[in-house]
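Colleague: missing the sequence, but the structure's below:
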């Protein structure tokens, strides 16, 4: 394995660790994150927030905090692009929200989580 790919894997791992360490509320509140792209030459990373983040009213503040903190904590990152998939119908590769009763692409109804009783 080349040094470049090893350092690239390290960068992706550091980004994931940064998100888990600094933003545990994403997972605690039913959200998730996925690294969509890392451009090492330009120091740019694209992140999609999904799950509960897609409909969350404070997700814009979470995104702003991620952008601000990540560029300070990870010196290789100059720019962070993050979205929740709530883009007004434009396909930007983000994750889409799912709501109970909504029909998914496979034609099946999503009834949401089942009650334990």
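Modeller: Cool, got the structure. This structure is a prediction, so every number in the text was calculated from the model and none was measured.
Colleague: quick one, strands of the chain?
Modeller: Here the chain has its strands, by DSSP state E, at 31-39, 44-51, 79-83.
Colleague: out of the ones you listed, deepest packed?
Modeller: strand 44-51 (a mean of 21; mean count of other Cβ atoms under 10 Å). For every residue, glycine as well, the C-beta is placed using N, CA and C.
Colleague: what residues does it touch?
Modeller: 15, 19, 26, 30-39, 59, 62-63, 66, 70, 77-85, 93-97 (Cβ atoms under 8 Å, 6 or more residues apart in numbering).
Colleague: which helices and strands does the worst-scoring helix or strand of the chain on mean pLDDT pack with?
Modeller: In the chain, no helix or strand scores lower on mean pLDDT, DSSP states H and E than helix 3-22, which sits at a mean of 78. For helix 3-22, the contact count by 3 or more Cβ pairs under 8 Å, 6 or more residues apart in numbering; DSSP states H and E identifies strand 31-39, strand 44-51, helix 59-73 as packing neighbours.
Colleague: where does this structure have low pLDDT?
Modeller: Across the chain, residues meeting the criterion (pLDDT under 70) sit at 1-8, 86-117.
Colleague: one step back: need the strands of the chain in JSON lines (columns: distance to residue 11).
Modeller: Listed next are the strands of the chain as JSON lines, based on distance: least, Cβ to Cβ, whole Å:
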{"stretch": "strand 31-39", "distance to residue 11": "6"}
{"stretch": "strand 44-51", "distance to residue 11": "9"}
{"stretch": "strand 79-83", "distance to residue 11": "13"}
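Colleague: Point out the one among the ones you listed that comes closest to residue 10.
Modeller: Closest approach to residue 10 among the strands of the chain (Cβ to Cβ): strand 31-39, 11.2 Å.
Colleague: Next, the contact list for the nearest residue to residue 53 once chain neighbours are set aside, please.
Modeller: The spatially closest residue to residue 53, leaving aside those adjacent along the chain, is residue 31, at 3.7 Å (Cβ to Cβ, 6 or more residues apart in numbering). Residues in contact with residue 31 (Cβ under 8 Å, 6+ apart) are 49, 50, 51, 52, 53, 54, 56, 59.
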